[in-house]
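Structure of the sequence below:
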Amino acid sequence: MPIKMYITNILRSGAVLTAVLYSAGWIHAGDAPERSVSGTAKSLSGKSMEGVAVSARADGKTFTTTVYTDASGEYWFPALGDGTYKMWAQAVGFEVAKSASEVQIQGGKSALQSFSLKPIDDMGPQLSGSEWLDSLPESTEADRRGKLLFHSYCTGCHESSFALQNRFDAKGWGLILDYMSNTTVMGHRPGSLPSNAEWFFSKPDMTGPKPDSFFPLIQTYKSELAAYLARARGPESQMEYKPLPRPTGESAEVVITEYDLPSGDVPNYHMHSDGTFWTDGVPSTWDAGGVHDASMCKDGFVYFTDTGATDNRTIGKLDPRTGRVTSYKLKQMKNDLAANSHGIICDPDGGVWFTNQTESTNTKFDPKTEQFRRYPKPDSIAEGTGGSLEMDSEGNLWTDTDGGFAKLDPRTGGYTAYDSLTPGGGKYGTAIDREDNIYITQMPFDIIGKLNSRTGKVSEIRLNPWMELSDKDQHLNQQQLSLMATPWMGTNGPRRSATFRTGDYVYFPLYWGNSLAKVNIHTNEVRKFQVPVPHALPYNVMPDRNGMIWISLMNAERIAKFDPTTEKFTIYKLPSLGYETRYIEVDNSTDPPSVWVPSGRNNKIARVQFRTLAAANAAAK
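Just a heads-up that it's a prediction; the model follows:
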């Protein structure tokens, strides 16, 4: 009688696992998934290497499967579809090792492919933003301050690796800083302010000079920053790199599928350099980027928003079984260009809701009819709706606005607005607890706004800074208030959260504070948990049905799982560079839940599935 190996099924059928669909639940060891491809990864000296990323991609497909080697340097892929596969292995500090010939998979037969990895002279291009920031020099007081300035004012919109992989002298870095002080993820806009800044500075209680750039504090500290960056990343400077450890144990027990997305403007165009090979460095988001948020809906498709398309796509649909992408265009009211989108959720009835950034309102897409329906806001509600949105227990849609909170009743199309107690402050992020209290974040002010949706009472949860400012810096920050993503030094930067249907806590990522905040919904007490990856810049959190908290780490090419019971983090490395992850989605239909990670910089969506027990590896041997 065979011994039963009780292992959790994660090998869900899809674009990578096209051959077999395993139902959730317990399976016998003899029924464990066969190894379609397996092998080892070793150094040139013959030493086994744990945590090496091994990837496979079939000819003619638009998705790649990646697994990691175990403590013995061994890897194995679950069932892959028949085809001809290119394979490669990667580890920071080593050249990409590519298979000498293509690997053939036919008729369910297994194949062997091993790799030998050669050390590389310069690992810099392979580093994540977290590793770059951690490697910046800080041996002197001037360098420690320069590093703090960079952390505070040069990381709000993009991962730091994209800038630090380059070298400039002080003049060159000064020009870069001039450019960036008037640039957002939406592009360069010299001499102009975003709509929410214009609205904020029109308030009668606002005094002082109006800044002439998006991020005035970059200009305030320009000379210090340029001098420091020239010392750290000048033409002749040397840096001691601090790479993170490779994945081990549970962190390596994953199967990751990366789906390439075509450009919204040029439907058949895919990025030439998309971070697949780490030695190429971090890609530019302006090549073909655009995807922002993604949501797995009940019809089995992943719907995603697009902040970059101007011609052909407002939202897109990804079929995980084939990798096919379908684009849907909502024409703008004023022209034939596509409206841009940002946040997205799926309702229980299968409808797809998203924030229409171009028209600053909420919009619904019906997947059955493939039709859009706008829900325009009245003029009395402040401009700027376009961040995240969440649905309460009664089916109302909530989102942040420049003024505070906004509720849409889909049954009537009516909106209700509630002003925040503190005006301005770069509102971004909406969360709902199990009692239908609504939360919004004000990143530069370290404020979490809270609304009792039943009484209409608004309150605030103020976070303590993670460092104290000098009198000079405090004066400069107060003089030149930033409205968008640039904080005061020492600001935690609460960002995007989600809906928590159970429990007495809501969780928020603290972006610049590199922490996870746990907020008691009754007492508003805040506890902080430091993310164990330096300068990871946690951006968005999402709970799963088992109570785990999932976190996107925008600067680290990684995601994190936080277990509230043990208060421990587990870190998972993503297989490409450029995962500037602003969102994370949990698919609770699988057992255990799987995770989706959209990335606008390299225009990919990754699905992360979990081999949750070491027994899963043993059962397949």
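
Could you report the neighbour count for Pro247?
For Pro247, the count of nearby residues is 21 (other CB atoms under 10 Å). C-beta here means a position set from N, CA and C on the backbone, and glycine is covered the same way.

Look up how far Leu574 lies from the residue lying closest to it once chain neighbours are set aside.
Sequence neighbours aside, Gly51 is the residue nearest to Pro247 in space, at 4.1 Å (criterion: CB to CB, 6 or more residues apart in numbering). For Gly51, the distance to Leu574 (CB to CB, to the nearest Å) stands at 13 Å.

again with Thr62
Per CB to CB, Thr62 is found 17 Å from Leu574.

between those two, who's got more neighbours?
Taking other CB under 10 Å, Thr62 and Leu574 do not tie; Leu574 has more neighbours (26 against 19).

didn't that one look like it was pressed against Ala560?
No: judged on CB atoms under 8 Å, Leu574 makes no contact with Ala560 at a distance of 11.5 Å.

Domain ranges for the chain, per the record?
Per automatic domain parsing, the structural domains of the chain span 34-117, 124-233.

which intervals of the stretch 301-450 of the chain have sub-threshold pLDDT?
For the stretch 301-450 of the chain, residues meeting the criterion pLDDT under 70 lie at 309, 385-386.

For stretch 500-509, report the contacting residues that lie outside it.
393, 429, 431-434, 439, 441, 448, 494-497, 515-522, 538-541, 543, 547, 549, 551-552, 562, 564 (CB atoms under 8 Å, 6 or more residues apart in numbering).

Can you say which of the residues you listed are buried?
With neighbours counted by 16 or more other CB atoms under 10 Å, the contacts of stretch 500-509 contain buried members at 429, 431-433, 439, 441, 448, 494-497, 515-519, 521, 538-541, 543, 549, 551-552, 562, 564.

roughly how far is stretch 358-376 from the heart of the chain?
Relative to its chain's centre, stretch 358-376 lies at 24 Å (CA atoms, centre = their mean, to the nearest Å).

if we can go back for a sec, what's the pLDDT at the residue nearest to Pro247?
Note on Gly51: pLDDT of 98.

With Glu258 instead?
For Glu258, pLDDT reads 98.

For Tyr85, give me its contacts.
Contact analysis of Tyr85 by CB under 8 Å, 6+ apart lists Val37, Ala56, Arg57, Ala58, Asp59, Glu102, Val103, Gln104, Ile105.

Quick one: those residues as CSV, columns for neighbour count and distance to Gly234 too.
Shown next, in CSV, are the contacts of Tyr85 (neighbours: other CB atoms under 10 Å; distance: CB to CB, whole Å):
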residue, neighbour count, distance to Gly234
Val37, 22, 45
Ala56, 24, 40
Arg57, 21, 38
Ala58, 22, 44
Asp59, 9, 44
Glu102, 12, 43
Val103, 20, 44
Gln104, 11, 49
Ile105, 21, 49
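
would CSV of those with distance to Tyr75, pLDDT and secondary structure be doable?
Shown next, in CSV, are the contacts of Tyr85 (distance: CB to CB, whole Å; pLDDT from 0 to 100; DSSP: H, G, I helix; E, B strand; the rest coil):
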residue, distance to Tyr75, pLDDT, secondary structure
Val37, 8, 96, strand
Ala56, 10, 98, strand
Arg57, 15, 97, strand
Ala58, 17, 97, strand
Asp59, 21, 96, coil
Glu102, 18, 94, coil
Val103, 13, 95, strand
Gln104, 18, 94, strand
Ile105, 15, 92, strand
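
Looking at the residues you listed, which is nearest Asp274?
Arg57 (12.2 Å; CB to CB).

for the closest one, what are its contacts?
Phe63, Thr64, Thr65, Tyr85, Lys86, Met87 are the contacts of Arg57 under CB under 8 Å, 6+ apart.

sorry, back to before: can you classify the residue nearest to Pro247 as helix, strand or coil?
coil (DSSP: H, G, I helix; E, B strand; the rest coil).

got the contact list for it?
The contact partners of Gly51, by CB under 8 Å, 6+ apart, come to Tyr68, Thr69, Ala91, Pro245, Arg246, Pro247, Thr248, Ser251, Ala252, Lys573.

Excluding chain neighbours, what is closest to the fourth one?
Residue nearest to Pro245 in three dimensions, not counting chain neighbours: Gly51, with 7.4 Å by CB to CB, 6+ apart.

Next: the first one.
Excluding its sequence neighbours, the residue lying closest to Tyr68 (CB to CB, 6+ apart) is Ala252, at 3.9 Å.

Is Met87 bridged to anything, and to what?
Ala56 (DSSP bridges).

can you check Lys450 too?
Beta bridges link Lys450 to Tyr439, Ser459 when assigned by DSSP bridges.

Distance-wise, check it relative to Ser420.
10 Å.

Same check on Phe304?
Applying CB to CB to Phe304 and Ser420 gives a distance of 29 Å.

out of these two, which sits in the more crowded spot?
Phe304 (28 against 23).

Grab the nearest non-local neighbour of the more buried one.
Ala294 is the one closest to Phe304 (CB to CB, 6+ apart), at 4.1 Å.

Look at that neighbour and say how many residues are nearby.
Counted with other CB under 10 Å, Ala294 comes out at 25.

and the helix or strand that contains it, what other elements does it pack with?
Per DSSP states H and E, Ala294 falls inside strand 291-296. On a contact count with 3 or more CB pairs under 8 Å, 6 or more residues apart in numbering; DSSP states H and E, strand 291-296 meets strand 302-306, strand 341-346, strand 585-587, strand 594-599, strand 604-610.

at 7 Å what do you get?
With contacts taken as 3 or more CB pairs under 7 Å, 6 or more residues apart in numbering; DSSP states H and E, strand 291-296 sits against strand 302-306, strand 341-346, strand 585-587, strand 594-599.
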